[in-house]
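Undergrad: Okay, structure incoming, though there's no sequence with it:
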């Protein structure tokens, strides 16, 4: 009997995940149907499906995973595969489940907890930590740090990695949450899969672009006062990508080299830290 796909493949035969560099599509080969994802971004992307596929007269030779990580610069990665049961009956994919997508690998559980970050400013400076981990102003339940520094201060990469996001067009800031969308920032993907963000940068003050690989200690931006900010400072945060955490992330504490670089410690609110290395 002629196989009948009818309307079964009309639904979701192509997904565009918010940007043209990530898409999901299907291919039929004889009595099988496979779904693939292309991720042409420079960072991994995690897909979280809302359920299992609905099929008619088809079986799944392999387990369909509701969470799948698509590596960077990947084409035609198979995410689902179906084979007909009875060729004498109509068959097809009724519906592929909807999904959410996230920047980074949300399955990542382990990372380099002993990595020693450099302070994000030049040798010879001493900078005050105005707000530390779980601070009362805007760091509630968040492991992030605020370095007080004048606008235009050179910001150095605390760790090597890949620039995956840059925003630098904003020129607005205020001490209320209303200004949060106006913060300029840089995001760096580290070799262990964690991501660091450097916030409140000066308008047009970034010295790097998306796709650049940066070395530890490299100049990446100038500090500013954009976004949700009560005064000029650098907001620094490192996190694991997450599907369930606040802002789709789980923030983590990071160790820093201080003084001459011979001391490694967690930075604390209300203290000043000098860099002489």
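TA: Great, that's in hand. This structure is a prediction, so every number in the text was calculated from the model and none was measured.
Undergrad: and residue 239, what element?
TA: Using DSSP states H and E, residue 239 sits in strand 233-241.
Undergrad: how far does that strand sit from the chain's center?
TA: Centre-to-centre, strand 233-241 and its host chain are 11 Å apart (CA atoms, centre = their mean, to the nearest Å).
Undergrad: Could you name the helices and strands sitting against that strand?
TA: When contacts are defined as 3 or more CB pairs under 8 Å, 6 or more residues apart in numbering; DSSP states H and E, strand 233-241 sits against strand 144-148, strand 195-199, strand 249-252. C-betas here are computed from N, CA, C, even on glycine.
Undergrad: tell me which residues in the helix or strand just after the shortest one are buried?
TA: Next in sequence after strand 249-252, counting helices and strands by DSSP H and E, comes strand 255-258. Neighbour-count burial for strand 255-258, counted by 16 or more other CB atoms under 10 Å, picks out 256-258.
Undergrad: Strand 255-258 - contacts with which helices or strands?
TA: Contacts defined by 3+ CB pairs under 8 Å, 6+ apart place strand 255-258 against strand 116-117, strand 263-266, strand 272-274.
Undergrad: Try it again at 6 Å.
TA: Here strand 255-258 touches strand 116-117, going by 3 or more CB pairs under 6 Å, 6 or more residues apart in numbering; DSSP states H and E.
Undergrad: Let me see the ranges of the helices in the stretch 51-200 of the chain.
TA: Counting by DSSP state H, counting those that start in this stretch, the stretch 51-200 of the chain forms no helices at all.
Undergrad: Low-confidence ranges, it, go.
TA: In the predicted model, the stretch 51-200 of the chain carries pLDDT under 70 at residues 135-140.
Undergrad: Show me the strands in it, by range?
TA: 54-56, 58-59, 67-70, 74-84, 92-95, 99-103, 116-117, 126-131, 144-148, 154-156, 161-167, 173-174, 185-189, 195-199 (DSSP state E, counting those that start in this stretch).
Undergrad: and of those strands, who's closest to residue 237?
TA: Shortest distance between residue 237 and the strands of the stretch 51-200 of the chain, using CB to CB, is found for strand 144-148: 3.7 Å.
Undergrad: List the pairing partners of the closest one within its sheet, with orientation.
TA: strand 126-131 (antiparallel), strand 233-241 (antiparallel) (DSSP bridges).
Undergrad: List the buried residues in the first one.
TA: What it means is strand 126-131. In strand 126-131, counting by 16+ other CB under 10 Å, buried: 127, 129-131.
Undergrad: Same question for stretch 73-80.
TA: 74, 79-80.
Undergrad: And those, which is closest to residue 232?
TA: residue 74 (40.7 Å).
Undergrad: you'd agree that closest one is up against residue 39?
TA: Yes: counting by CB atoms under 6 Å, residue 39 is a contact partner of residue 74 at 4.8 Å.
Undergrad: Okay, now stretch 205-219: how far is its last residue from its first?
TA: From its first residue to its last, stretch 205-219 covers 11 Å (CA to CA, to the nearest Å).
Undergrad: chain center to that stretch, what's the gap?
TA: Mean C-alpha position of stretch 205-219 versus that of the full chain (CA atoms, centre = their mean) differs by 17 Å.
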